[in-house]
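*Asks:* build the 3D model from these lines:
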Amino acid sequence: MKRLLLLAALAALVAGCGEKSEPTGTESTRLEPFTVMLDYVPNADHAGLYAALDAGLYKQAGLDVKLQPPPDPAAPLRLLVAGRADVAISYQPELLLARDAGEDGIVSVGALVQKPLTSLIALPSGGVKTPKDLAGKRVATSGIPYQSAYLKTILEQAGVDASSVQEINVGFNLTQAMISKRADASLGSFWNYEGVDLQRRDLDPVILRMEQIGVPTYNELIFVSRRQDLDAAGASRLRRFLSATAAGHRLLRENPQAGVDALLKADKGLDAELQEAAIKATLPVFFPQPKTGQDRAAPSTTAPPSNADLPWGWQEPIDWAGYERWMRAENLLTRPPSEASPLTNEFLPGEGLGESSRDR
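*Replies:* Alright, predicted model coming up:
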């Protein structure tokens with residue numbers, strides 16, 4: 001009886017509030033393999049997936065999910081294209097760059113993190129509290145072209161002469177560059193991880209988020225699939241995966257410790273207190289965000305659903321279009337736009353299942 005009650009509770013989590021019921025995969029005892037290529041090693045950004053895995057939500061959905069860290073951070077989309085994964089976690093700008101390079105056959109099927117995590121961070125010794133303070137300063141980046149474009153946009157918005165600012169490529173040693181005073185600020189670290197870590201170490205960082213200082217908003221982390229894999233069988237697996245992942249994030253919202261425990265099972269070397277703090281900081285952006293007046297001002301040919309009705313994983317087409325226009329204006333994208341959209345909401349919980357679908 002206890003087992004039946006547990007299965008019923010897990011089914012309720014997978015179904016979710018206000019969402020149409022998804023196929024559960026429980027009709028068969030055979031679990032279908034489903035590989036997810038992570039963007040990086042296990043960390044707080046993946047807490048909802050590990051919570052779903054640990055709670056048995058994927059198994060209930062009929063899936064044998066494997067969460068696979070990549071051999072290097074540049075590999076996920078390449079391995080996806082090669083058929084080594086069913087889904088890859090990547091970044092919105094990376095997907096757009098890959099498509100611009102000719103990989104039109106990949107598409108974002110859901111947002112893992114709704115808002116930019118990339119941030120401009122400075123320690124007190126750097127003397128940077130606002131973008132205007134960057135004049136005459138040294139800014140560390142990881143040498144990624146769109147990070148340089150972020151810095152250019154931020155300086156333009158703040159009215160700072162770009163020639164007065166020195167950009168330093170320090171690879172992934174962004175925090176160390178500030179601590180050693182090699183740089184006065186860094187652009188590329190995540191506010192929910194490096195920023196939280198610096199706060200916990202009482203280093204009093206100034207943390208400025210990209211969308212708050214001039215860069216168009218975007219989905220930091222996304223789920224990417226190959227279009228050729230989205231036949232009837234592939235679509236069924238993807239729907240069940242996303243539905244169970246949504247349930248894992250609802251579980252995480254109710255009990256963040258479930259994510260911490262699941263992450264520590266995956267990697268016992270993780271700092272439990274840092275993961276807990278990072279998960280709690282990230283929780284709001286794991287879910288669709290309320291639209292501000294500025295967000296609603298953008299024209300739309302289709303009346304969007306209210307925020308309360310947005311399914312987990314929702315991707316706002318207007319925001320995607322705005323970010324792509326910015327990338328083109330910065331010459332980060334050079335090919336004409338593909339006829340195939342870079343995103344679809346069709347496979348999200350409750351989407352594309354009937355006449356009331358909100359898929360656009």
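
*Asks:* distance between the longest strand seen in the chain and the chain's centre?
*Replies:* In the chain, assigned by DSSP state E, the strand with the most residues is strand 106-113. Computed by C-alpha atoms, centre = their mean, to the nearest Å, the chain-centroid distance of strand 106-113 equals 8 Å.

*Asks:* likewise stretch 122-131?
*Replies:* 27 Å.

*Asks:* pull out the buried positions in that stretch.
*Replies:* Buried residues in stretch 122-131, counted by 16 or more other C-beta atoms under 10 Å: 122-123, 126, 128, 131. Backbone N, C-alpha and C define where each C-beta goes, glycine included.

*Asks:* hmm, back to that, report the next helix or strand after the longest strand of the chain in sequence order.
*Replies:* Toward the C-terminus, strand 106-113 is succeeded by strand 118-122 as the next helix or strand (DSSP states H and E).

*Asks:* adjacent strands (with direction) for that next one?
*Replies:* strand 185-190 (antiparallel), strand 206-209 (antiparallel) (DSSP bridges).

*Asks:* ok, and what's touching the last one?
*Replies:* When you say that, I think you mean strand 206-209. Among residues not part of strand 206-209, those counted as contacts by C-beta atoms under 8 Å, 6 or more residues apart in numbering are 115-116, 119-124, 128-131, 191, 195.

*Asks:* just flag the most distant two among the residues you listed.
*Replies:* Across the contacts of strand 206-209, the longest distance by C-beta to C-beta is 26.0 Å; it joins 115 and 124.

*Asks:* in a helix, that's where residue 222 is, yeah?
*Replies:* No. Looking at residue 222 with DSSP: H, G, I helix; E, B strand; the rest coil, it is strand, so not inside a helix.

*Asks:* how close does it sit to residue 39?
*Replies:* 9 Å (C-beta to C-beta, to the nearest Å).

*Asks:* equivalent analysis for residue 351, please.
*Replies:* Taken as C-beta to C-beta, the span from residue 351 to residue 39 is 23 Å.

*Asks:* just residue 199 next, same as before
*Replies:* 23 Å.

*Asks:* for residue 217, give me its contacts.
*Replies:* Neighbours of residue 217 in contact, by C-beta under 8 Å, 6+ apart: 115-116, 210-211, 319, 322-323.

*Asks:* if you could redo that for residue 249, that was the one I meant.
*Replies:* 48, 51-52, 286-287, 312.

*Asks:* just send those back as a markdown table, with distance to residue 272 and pLDDT too.
*Replies:* Formatted as a markdown table, those follow (distance: C-beta to C-beta, whole Å; pLDDT from 0 to 100):
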| residue | distance to residue 272 | pLDDT |
| --- | --- | --- |
| 48 | 17 | 98 |
| 51 | 15 | 98 |
| 52 | 19 | 98 |
| 286 | 19 | 98 |
| 287 | 24 | 97 |
| 312 | 26 | 97 |
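
*Asks:* which among those count as buried?
*Replies:* 48, 51-52, 286-287, 312.

*Asks:* so where's the protein uncertain?
*Replies:* Residues of the chain meeting the criterion pLDDT under 70: 1-28, 290-308, 352-360.
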